[in-house]
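I'll drop the sequence and a predicted model, then ask my questions.
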Amino acid sequence: MKFIVDAQIPYGLKLWLIDRGHDALHTDDLPNKHFSSDKEIIEFAEKEQRIIISKDSDFYQHNVVRGVPSRLLIITLGNIINKKLFRLFELNFSKIEKYYETGSKIVEFENSSITVHS
């Protein structure tokens, strides 16, 4: 799978995804780095068929109103330390992968659940 990790998510998540065989970039890899606008990130994700990983609910609103981004992993874990974030990914990412492999478009990752919105 191909991902683009948004600015408010640790750069280390990009590396974690790569270690697990995924094609991953972080917004810091884009020309405008963490200053990339939501529009730029969406256009890039759509062009490269990447799943956006973000805490920013604006991406979900863009999907509802405009139909893009076409695939999104919205993280609603709140403010947690990176160690806990990575532990939750370790415990739950295989489920998230299966949702996308079976055609899910919008997945919400919470502390105690994973919700598919489409």
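Cool, got the structure. Note that the structure is a prediction, hence the values are computed from the model and not measured.

okay, CA-based contacts and neighbour counts for the rest of this
OK.

Ile74: what secondary structure?
strand (DSSP: H, G, I helix; E, B strand; the rest coil).

Can you name the residues bridging to the nearest residue to it once chain neighbours are set aside?
Nearest non-adjacent residue to Ile74, counting by Cα to Cα, 6 or more residues apart in numbering: Glu108, 4.8 Å away. Counting by DSSP bridges, Glu108 forms beta bridges with Ile74, Thr115.

Does Glu108 touch His117 like I think?
Yes: Glu108 is within contact range of His117, at 7.4 Å (criterion: Cα atoms under 8 Å).

Neighbour count for the two, which is higher?
Glu108 (20 against 11; other Cα atoms under 10 Å).

Run through the bridge partners of the residue nearest the centre of the chain.
By Cα atoms, centre = their mean, the chain has its centre lying nearest to Ile53, at 1.1 Å. Per DSSP bridges, the residues bridged to Ile53 are Val5, Leu73.

pretty sure it contacts Ala7?
No: assessed by Cα under 8 Å, Ile53 is found out of contact with Ala7, at 9.5 Å.

still on that earlier bit, any idea how far Thr115 is from the residue nearest to the centre of the chain?
According to Cα to Cα, to the nearest Å, Ile53 stands 14 Å off from Thr115.

Val68 now?
The spacing between Val68 and Thr115, counted by Cα to Cα, is 19 Å.
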